[in-house]
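Novice: pasting the structure only:
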């Protein structure tokens, strides 16, 4: 295919839709259909294909799978748009973005989604239930830190071409909005669970940071996850480590999963309860602010 393309001077898009037209005619009631694009390189398989709007859009249905490098998407139905390189997915959407060299895998689930093959970015939406995502360290030499789970009505993912932090490997970015719940569970050196609620959250891979801002807004018709306080006026975090329990509020909460660090800034309010007869070694939390504002010493 590539040799024919170079010999005849076709663009990747023209060749892509020429192949689609033939595949669409043969797909009705037939076996799985495979379609490959040249620029950007992507492969879509499905059980049936229909060419719409005189080739302007193509509809894939039935066990649809899209693969582009280390990006993968599966769904019940996918419609690609020739003019924009955008693919729109509906029904049981699953998205995965990873790179073994970066040390992190992102997975996400939603009711519908959009994938832009030009810039390798995707967005998933969910209402009942909301969209879900998980950040998992990969294999040998993986970025440190445990799994981080994320729930929100809208979650987006993108790649970063060049790292902005020395020595960084986790180059992906993610954004969640519309009422965000974040949960991190770590097993070592001491089990620790961190839960956070906010209006929006941004994950910066090069900085190893989740940045949470705004007060959590309950999802319509659904109980809030993790049982947060009834009234929230700013981001809220709850952390349990050994015998210590921390409840933290602030205008900004920064969570660094690899560094195992929680930083709360501006209008900080903290409540920390612990059993002094037991020791809870390991990385602690950092509260940025003054002791007279928080009621506890800065840590």
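Specialist: That came through, no problem. This structure is a prediction, so every number in the text was calculated from the model and none was measured.
Novice: right, and residue 82 touches residue 52 too?
Specialist: No - the pair residue 82 / residue 52 is not scored as a contact, 10.2 Å apart, by C-beta atoms under 8 Å. Bear in mind the C-beta positions are built from the backbone N, C-alpha and C, glycine included.
Novice: ok, the two, which is more surrounded?
Specialist: Remark: of residue 82 and residue 52, residue 82 carries more neighbours, 17 against 13, as counted by other C-beta atoms under 10 Å.
Novice: relative to residue 53, how far out is that one?
Specialist: Residue 82 is 9 Å from residue 53, where distance means C-beta to C-beta, to the nearest Å.
Novice: residue 229 too?
Specialist: Separation of residue 229 from residue 53 (C-beta to C-beta): 50 Å.
Novice: so what pairs up with residue 182 in the strands?
Specialist: Listed by DSSP bridges, the beta-bridge partners for residue 182 are residue 150, residue 196.
Novice: which residues touch it?
Specialist: Under the criterion of C-beta atoms under 8 Å, 6 or more residues apart in numbering, the contact partners of residue 182 comprise 148-150, 194-198, 201, 210, 212, 255.
Novice: check the offset of stretch 69-82 from the chain's centre.
Specialist: For stretch 69-82, the distance between its averaged C-alpha position and the chain's averaged C-alpha position is 16 Å (C-alpha atoms, centre = their mean, to the nearest Å).
Novice: any weak-confidence spans in the chain?
Specialist: Low-confidence regions of the chain, defined here as pLDDT under 70, cover residues 1-40, 99-102, 139-145, 160-171, 188, 275-299.
Novice: can you give me the buried ones in stretch 77-95?
Specialist: Buried residues in stretch 77-95, counted by 16 or more other C-beta atoms under 10 Å: 77-80, 82, 85, 87-90, 93-95.
Novice: tell me the contacts of the residue nearest to residue 81 when sequence neighbours are not counted?
Specialist: In space, and not counting its chain neighbours, residue 81 is closest to residue 57: 5.6 Å by C-beta to C-beta, 6 or more residues apart in numbering. Taking C-beta under 8 Å, 6+ apart as the definition of contact, the neighbours of residue 57 are 51, 79-82.
Novice: picking up where we left off before, from the buried residues of stretch 77-95, which is closest to residue 224?
Specialist: Within those, distances to residue 224 taken as C-beta to C-beta reach their minimum at residue 93, with 23.5 Å.
Novice: so for residue 229 and residue 53, which residue has more residues nearby?
Specialist: More neighbours surround residue 229 than the other of residue 229 and residue 53, with 13 against 9 (other C-beta under 10 Å).
Novice: my read is that the more buried one contacts residue 236, right?
Specialist: Yes - using C-beta under 8 Å, residue 229 is in contact with residue 236, at 6.7 Å.
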